[in-house]
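# Following is a predicted model, sequence given first.
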Amino acid sequence: GRNINGPHARCADDLEDLITPTPVLIGDARTIDASLAREGFELRVSPSTAVPFVEPAWRDPDTDIAKLVVERFYEETRAVVAAATGADRVVVFDHTVRKSWSGDVASLNSDGKSAAGAVPRVHCDYTTQSGPVRMEALLEQGVVTRSPG
């Protein structure tokens, strides 16, 4: 994982970059009947009505993409995840806007601050140390609550 800012970046292994070349067979997931329970993922058609995911809208200074993402896309995301999992509560707590078309590798986190550019390989945003630290921060902020038990 690579966490740049915030309390979840305090962990010693956050900048550790482990690369293990591994041959894998890559196929087209659209050609299989993937199941969340069986494969750990599934594909769903769920076009967003909240955010214009097209370049011209992102260049328009009158379009507040960050506001649209938090106020409307988060709700769409919660609904899709709840429908797929049966969860009665889904918490969306963070996002990063990456504008690869701009020619600028800079990106913005949900707080509007600079973030790392796109990562061109499989990665995880949190490590076994930084994940729990991030969750504790969300608990302290009241974004999530502890489940009984």
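Received the coordinates, thanks.

# Please enumerate the strands of the chain.
With DSSP state E as the criterion, the chain has strands at 96-98, 107-109, 114-115.

# among those, where is the model least confident on average?
Lowest mean pLDDT within these: strand 107-109, at a mean of 52.

# so where's the protein shaky on pLDDT?
Within the chain, the stretches with pLDDT under 70 are 1-18, 51-61, 63, 96-124, 149.

# mind listing the helices in it by residue range?
With DSSP state H as the criterion, the chain has helices at 36-39, 55-59, 65-68, 74-85, 130-141.

# TSV please, covering those helices and showing mean neighbour count and distance to P23.
Where C-beta positions appear, they are placed from N, C-alpha and C, glycine not excepted. Conversion of the helices of the chain to TSV gives the following (neighbours: other C-beta atoms under 10 Å; distance: least, C-beta to C-beta, whole Å):
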stretch	mean neighbour count	distance to P23
helix 36-39	10	20
helix 55-59	12	35
helix 65-68	14	39
helix 74-85	14	30
helix 130-141	15	28
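
# Nearest to D94 among these would be which one?
Relative to D94, the nearest member of the helices of the chain by C-beta to C-beta is helix 130-141, separated by 8.5 Å.

# So which elements touch the closest one?
If you count contacts as 3 or more C-beta pairs under 8 Å, 6 or more residues apart in numbering; DSSP states H and E, helix 130-141 packs onto no helix or strand.

# Show me what stretch 138-145 is in contact with.
Residues from elsewhere that reach stretch 138-145 (C-beta atoms under 8 Å, 6 or more residues apart in numbering): 91, 93, 135, 146.

# now the closest residue to the first one other than its chain neighbours: how far from G131?
For V91, ignoring the flanking residues on the chain, the nearest one in space by C-beta to C-beta, 6 or more residues apart in numbering is V144 at 5.3 Å. Between V144 and G131 the computed distance is 13 Å (C-beta to C-beta, to the nearest Å).

# Name the residues contacting each of the two.
Looking at what touches both V144 and G131 (by C-beta under 8 Å, 6+ apart), there is no common residue.
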